[in-house]
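Asks: What follows is a predicted structure for the sequence shown.
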Amino acid sequence: MNIFYLLAGAAAASTAVMHAMWAEKRIIKDLKQSNMTDLAKAGFSIAWHQITALLAVSGVFLIMLSFLNVSETIETAGILIAVIFTGNIIVFFTVSKLRYPHVFKSTLYPVINSGAIILLIILGFLV
């Protein structure tokens, strides 16, 4: 077992929970009331949720990696990256469609970009 991965994973996962809770109490309320454009609000909100998801997914994977041997860890790294990009797309779609549906179409480039990266990772596994 790799104790450092385990501790890093626990720290990342707990940070994700604190990050999400703090945002709902302190940031999102102010963001909704601000005079920023809806596109700027959407960008900020999506990025905040993506960071929370990144912390959560990274924490879970680091905990899993702490129990694997070196060769299994290397193989799992590509899966982790694909899962992170997929999570970003899911967060993007969820936040933008639920909170800012009228600016959704003008922010599709990151989804297309992430989709291409995921496809390349999958092709890399098939080779």
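Replies: Alright, I've got the coordinates. Numbering: from 1, shown residues only.

Asks: top helix in this protein by residue count?
Replies: helix 70-99 (DSSP state H).

Asks: Can you spell out which helices and strands pack onto that helix?
Replies: helix 38-65, helix 109-126 (3 or more C-beta pairs under 8 Å, 6 or more residues apart in numbering; DSSP states H and E). Any C-beta I mention is one placed from the backbone N, CA and C, and that applies to glycine too.

Asks: Show me the one of those that comes nearest Phe85.
Replies: Distance to Phe85, taken as C-beta to C-beta, is lowest for helix 109-126 among the helices and strands packed on helix 70-99, at 4.6 Å.

Asks: Determine the angle, from 0 to 180 degrees, between the closest one and helix 70-99.
Replies: Going by axes from the mean of the first three to the mean of the last three C-alpha atoms, to 10 degrees, helix 109-126 is angled at 160 degrees with respect to helix 70-99.

Asks: Let me see the mean pLDDT of helix 109-126.
Replies: Mean pLDDT, helix 109-126: 80.

Asks: before we move on, what about stretch 75-87?
Replies: 82.

Asks: Okay, buried residues for that stretch please.
Replies: 80, 82-87 (16 or more other C-beta atoms under 10 Å).

Asks: cool, stretch 44-51 as well?
Replies: 45-46, 48-51.

Asks: Could you dump those into CSV and include distance to Phe4 and pLDDT?
Replies: CSV is the format used below for these (distance: C-beta to C-beta, whole Å; pLDDT from 0 to 100):
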residue, distance to Phe4, pLDDT
Ser45, 33, 84
Ile46, 31, 85
Trp48, 28, 86
His49, 28, 86
Gln50, 25, 88
Ile51, 22, 89
